[in-house]
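*Asks:* generate coordinates for the sequence data below:
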Amino acid sequence: MKIFTWHIHGSYLFYLSQGTYTIYIPTKPEKTEGYYGRGETFPFGTNVVEIPADEVKDHEFDCILYQTNQNYLTDQYEILSAEQRQLPKIYIEHDPPRQHPTDTKHILNDANVTLVHVTHFNRLMWDSNNTPTRVIEHGVTTSNITYTGEIPKGIVVINNLPIRGRLLGLDIFLEAKEQVPLDLVGMGTGDLGLGEVLHPQLPEFQSRYRFFFNPIRYTSLGLAVCEAMMMGIPVVGLATTELSAVIDNGYSGFIHTDINYLIEKMNLLICDPELAKEIGSNGRDVAMKRFNIQRFVNDWESLFNEVTSKSNSSISASL
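*Replies:* Predicted structure coming up:
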């Protein structure tokens, strides 16, 4: 199976590439969004193949996978041939609606495209028009790094938090940091954090922190949260979006909409490392079942087979 897509979210692309299909991504010398190529951050296998953008028209694919409005509205017309644009289409919606949480219509309104939401919350909130939808929840690989939690601090993993503001919980992070020892890592952390820790090094780095704090108000379920849970790191976060349906409060993590409650529980974890290990272990059990990488790639393989077989059936019927 030959899948064409753009490099949008590196960590998602890495986990998607764990399947038995080949993923083709376009490149441009200026490395604009979606055209970065494989990059140097993720240990992609040989099934992630770069193609110069001006040569994409010369290749054969089985399915086109869109990940942004830019991909769907502009990019496909610039680099795909007319024949390629008739191939089976899937659009991954990585985020919940921004303009209005319940009344925003998705740009897709096409019965011939499958719209994949990465969380049930996203599917619930988007008005997906007449486009067929489904949910494929995240999948993340297990790590051979084990949680130790010896550093009595929390870790926050968010890129460019200083400029992303309330949506990503900048004010919540600053408020909590006044009462709880927290370290922020990620690209563009500025004076607030420790800077970027590359994805392959992140498991070992964060394994020593007592807990993982997610101050994000409104987003899809972050892969960083799934990765922390998979490692057995206890997660503390807001009881909003999909996280409220992932964490069993007080058992597999701590969630609430009361910031003071979360601050209290973070300090509790700092004072009680055994409780932190217990909460983290329960969270890992949840992650092993819900975010299992094999389940994830099986879901994607099934969908790729489904949309391409429908296309082949339509072609046969027209002959």
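*Asks:* pretty sure Thr146 sits against Ser207.
*Replies:* Yes. Counting by C-beta atoms under 8 Å, Ser207 is a contact partner of Thr146 at 6.6 Å. To be clear about C-beta, it is placed using only N, CA and C from the backbone, and glycine gets the same treatment.
*Asks:* compare these two (neighbour count), which wins?
*Replies:* Ser207 (20 against 10; other C-beta atoms under 10 Å).
*Asks:* any idea how far that one lies from Gly232?
*Replies:* 9 Å (C-beta to C-beta, to the nearest Å).
*Asks:* now do stretch 23-32: distance to the chain's middle.
*Replies:* 20 Å (C-alpha atoms, centre = their mean, to the nearest Å).
*Asks:* ok so, going back, pull up the overlap in contacts between Thr146 and Ser207.
*Replies:* Met231 (C-beta atoms under 8 Å, 6 or more residues apart in numbering).
*Asks:* who touches both of Ser207 and Gly232?
*Replies:* Thr146, Tyr147.
*Asks:* which stretches in the stretch 51-200 of the chain count as strands?
*Replies:* 63-66, 89-93, 113-117, 133-135, 151-157, 182-185 (DSSP state E, counting those that start in this stretch).
*Asks:* in JSON lines: the ones you listed, plus mean pLDDT.
*Replies:* Below are these laid out as JSON lines (pLDDT from 0 to 100):
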{"stretch": "strand 63-66", "mean pLDDT": "98"}
{"stretch": "strand 89-93", "mean pLDDT": "98"}
{"stretch": "strand 113-117", "mean pLDDT": "98"}
{"stretch": "strand 133-135", "mean pLDDT": "98"}
{"stretch": "strand 151-157", "mean pLDDT": "98"}
{"stretch": "strand 182-185", "mean pLDDT": "98"}
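*Asks:* OK, contacts around the closest residue in space to Arg134 that isn't next to it in sequence?
*Replies:* Excluding its sequence neighbours, the residue lying closest to Arg134 (C-beta to C-beta, 6 or more residues apart in numbering) is Val116, at 6.0 Å. Neighbouring residues of Val116 by C-beta under 8 Å, 6+ apart: Ile90, Tyr91, Ile92, Glu93, Thr133, Arg134, Val135, Ile136, Leu303.
*Asks:* burial check on the fifth one, number of neighbours?
*Replies:* So that's Thr133. Neighbours of Thr133 under the rule other C-beta under 10 Å: 18.
*Asks:* and the gap between the closest residue to it other than its chain neighbours and Tyr15?
*Replies:* Nearest residue to Thr133 in three dimensions, chain neighbours excluded: Leu115, at 4.6 Å (C-beta to C-beta, 6+ apart). Distance of Leu115 to Tyr15, computed by C-beta to C-beta: 19 Å.
*Asks:* would you mind pulling up the elements that the host helix or strand of Glu278 packs against?
*Replies:* Assigned by DSSP states H and E, Glu278 falls within helix 273-290. Contacts defined by 3 or more C-beta pairs under 8 Å, 6 or more residues apart in numbering; DSSP states H and E place helix 273-290 against strand 209-214, helix 223-231, helix 259-271.
*Asks:* what's the most buried one of the ones you listed?
*Replies:* Burial of those is given as mean neighbour count (mean count of other C-beta atoms under 10 Å); strand 209-214 ranks first at a mean of 27.
*Asks:* what angle separates that strand from helix 273-290?
*Replies:* Following axes from the mean of the first three to the mean of the last three C-alpha atoms, to 10 degrees, one obtains 50 degrees for the angle between strand 209-214 and helix 273-290.
*Asks:* and strand 209-214, which strands flank it?
*Replies:* Strand 209-214 sits in its sheet next to strand 151-157 (parallel), strand 235-238 (parallel), going by DSSP bridges.
*Asks:* outside of it itself, list whatever touches it.
*Replies:* By C-beta under 8 Å, 6+ apart, strand 209-214 touches 149, 151-157, 169, 173, 176, 180, 182-183, 206, 222, 224-225, 228, 233-238, 243, 262, 266, 269-270, 273, 276, 280.
*Asks:* just the CA atoms of that strand, as PDB, please.
*Replies:* Output in PDB follows, covering the C-alpha atoms of strand 209-214 (Å, rounded to 0.1, in the frame of the first residue of the first chain):
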ATOM      1  CA  TYR A 209      10.300  13.700  37.100                       C
ATOM      2  CA  ARG A 210       7.700  12.900  39.700                       C
ATOM      3  CA  PHE A 211       4.700  13.700  37.500                       C
ATOM      4  CA  PHE A 212       3.600  15.100  34.100                       C
ATOM      5  CA  PHE A 213       1.500  18.300  34.200                       C
ATOM      6  CA  ASN A 214      -0.800  19.200  31.200                       C
END
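*Asks:* mind checking how far Ile92 is from Ile64?
*Replies:* 11 Å.
*Asks:* could you give the number of residues near Met288?
*Replies:* For Met288, the neighbour count with other C-beta under 10 Å is 13.
*Asks:* contacts only, for the residue nearest the centre of the chain.
*Replies:* Nearest residue to the geometric centre of the chain (C-alpha atoms, centre = their mean): Leu223, 4.4 Å. Contact analysis of Leu223 by C-beta under 8 Å, 6+ apart lists His9, Ser11, Tyr12, Tyr15, His138, Val140.
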